[in-house]
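J.: Provided below are the primary sequence and the corresponding predicted coordinates.
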Amino acid sequence: MKHQPKVIHPKNKDDYLSKHHCYPLGVMKKKDAPKTDCPHLTIKLWRSKHDYWHLLFRFATIDEIIEYELWKRDLYLNPHYTKVFNCDRFKAITILKRFKQIKTRKL
């Protein structure tokens with residue numbers, strides 16, 4: 001089987017889990033791509049949150065979001081922000097840093 005069956009959201013039958021690349025593949029293929037040890041780092045998001053993520057951050061890498069995007073005061077006021085993060089921006093930064101630390105640790 002080439003693809004796993006979709007995991008449907010328990011409350012919204014139109015939503016499903018999707019894989020989101022923390023380092024966008026289109027960005028990573030460029031010659032001036034940011035240097036990283038894990039260009040294939042992914043996170044699973046519900047499709048609706050995945051779409052909101054791109055509305056908020058476009059195609060920024062997780063490092064760019066942690067270091068720059070979440071510090072923008074107006075981003076916190078964006079209505080899509082609360083659909084992705086249900087917390088203040090400082091807690092969101094902590095969550096993203098912890099996520100990256102967990103996903104990139106050496107086993």
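T.: Right, received. Where do you want to start?

J.: spatially nearest residue to the residue nearest the centre of the chain, not counting backbone neighbours?
T.: In the chain, the C-alpha nearest the mean C-alpha coordinate belongs to Cys22, at 5.5 Å (C-alpha atoms, centre = their mean). Nearest non-adjacent residue to Cys22, counting by C-beta to C-beta, 6 or more residues apart in numbering: Ile62, 3.9 Å away. No exception for glycine: its C-beta is placed from N, CA and C like everyone else's.

J.: and for Ile93?
T.: Per C-beta to C-beta, 6+ apart, closest to Ile93 is Leu70, 5.1 Å.

J.: surely that neighbour is in contact with Thr94?
T.: No. Contact criterion C-beta atoms under 8 Å: Leu70 and Thr94 do not qualify, at 10.1 Å.

J.: can you give me the distance of the residue nearest to Ile93 to Ala60?
T.: 10 Å (C-beta to C-beta, to the nearest Å).

J.: go on, Trp53?
T.: On the measure of C-beta to C-beta, Trp53 and Ala60 end up 10 Å apart.

J.: cool, and Cys22?
T.: 10 Å.

J.: circling back to that earlier point, and Leu70 and Thr94? Which one has more around it.
T.: Leu70 (20 against 13; other C-beta atoms under 10 Å).

J.: identify the residues contacting the more buried one.
T.: 89, 92-93, 96 (C-beta atoms under 8 Å, 6 or more residues apart in numbering).

J.: for it, give its distance to Asn78.
T.: Taken as C-beta to C-beta, the span from Leu70 to Asn78 is 11 Å.

J.: the longest helix along the chain: how far from the chain's middle?
T.: Determined from DSSP state H, the single longest helix within the chain is helix 89-104. Mean-position distance between helix 89-104 and its chain equals 11 Å (C-alpha atoms, centre = their mean, to the nearest Å).
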